[in-house]
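[1] Below is the structure, and that's it, no one-letter string:
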């Protein structure tokens with residue numbers, strides 16, 4: 001490789017050709033290095049989980065979105081409308097997701113949360129911080145938590 005023949009182009013918008021190239025090549029490399037990555041390319045190896053909460057009028061007031069793969073429950077999003085918070089609904093969603101994960105051979109769970117969101121909530125449910133990204137966003141932290149499912 002001759003560095004004089006290498007050029008870096010700067011763009012401030014998504015370049016679909018570069019995006020497709022990087023994604024395809026990274027996936028191919030990961031598939032070679034980790035058979036688990038290749039398995040997740042087949043959608044039958046990833047289970048999506050959606051839990052919904054409705055009130056007595058059948059109005060949606062909350063829910064949980066997660067995926068199950070690599071023996072993990074990966075909680076992506078959870079939300080309860082403010083008027084219904086602090087009534088245990090969030091804990092019920094987490095516990096239901098964990099129970100379903102155990103039935104699907106998951107051994108661990110993970111979730112990310114910001115310092116202004118629900119870190120104490122997850123810790124109360126047995127999750128422990130395994131990583132912190134400080135000043136993301138500025139003035140706050142992003143926490144990554146895990147729990148061993150039993």
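    Yep, it's here. In this text the structure is predicted, and so the values were computed from the model without any measurement.

[2] Could I get the full set of helices for the protein?
    16-33, 35-41, 89-103, 119-124 (DSSP state H).

[3] State the distance from the closest residue in space to residue 55 that isn't next to it in sequence to residue 113.
    Distance criterion CB to CB, 6 or more residues apart in numbering; nearest residue to residue 55, sequence neighbours excluded, is residue 61 at 5.2 Å. C-beta here means a position set from N, CA and C on the backbone, and glycine is covered the same way. Distance, residue 61 to residue 113, using CB to CB, to the nearest Å: 20 Å.

[4] Ends of stretch 37-53, what's the gap?
    32 Å (CA to CA, to the nearest Å).

[5] Tell me which residues of it come out buried.
    Going by neighbour count (16 or more other CB atoms under 10 Å), the buried part of stretch 37-53 is 37, 40, 49, 51, 53.

[6] got a list of contacts for the lowest-mean-pLDDT helix or strand in the chain?
    When each helix and strand of the chain is scored by mean pLDDT, DSSP states H and E, helix 35-41 comes last, with a mean of 73. Applying CB atoms under 8 Å, 6 or more residues apart in numbering, the contact partners of helix 35-41 are 27, 30-31, 45-46, 69-70.

[7] Buried ones only from those residues, please, as a ChimeraX command.
    Applied in ChimeraX, the following selects the buried portion of the contacts of helix 35-41 according to 16+ other CB under 10 Å:
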select :69,70
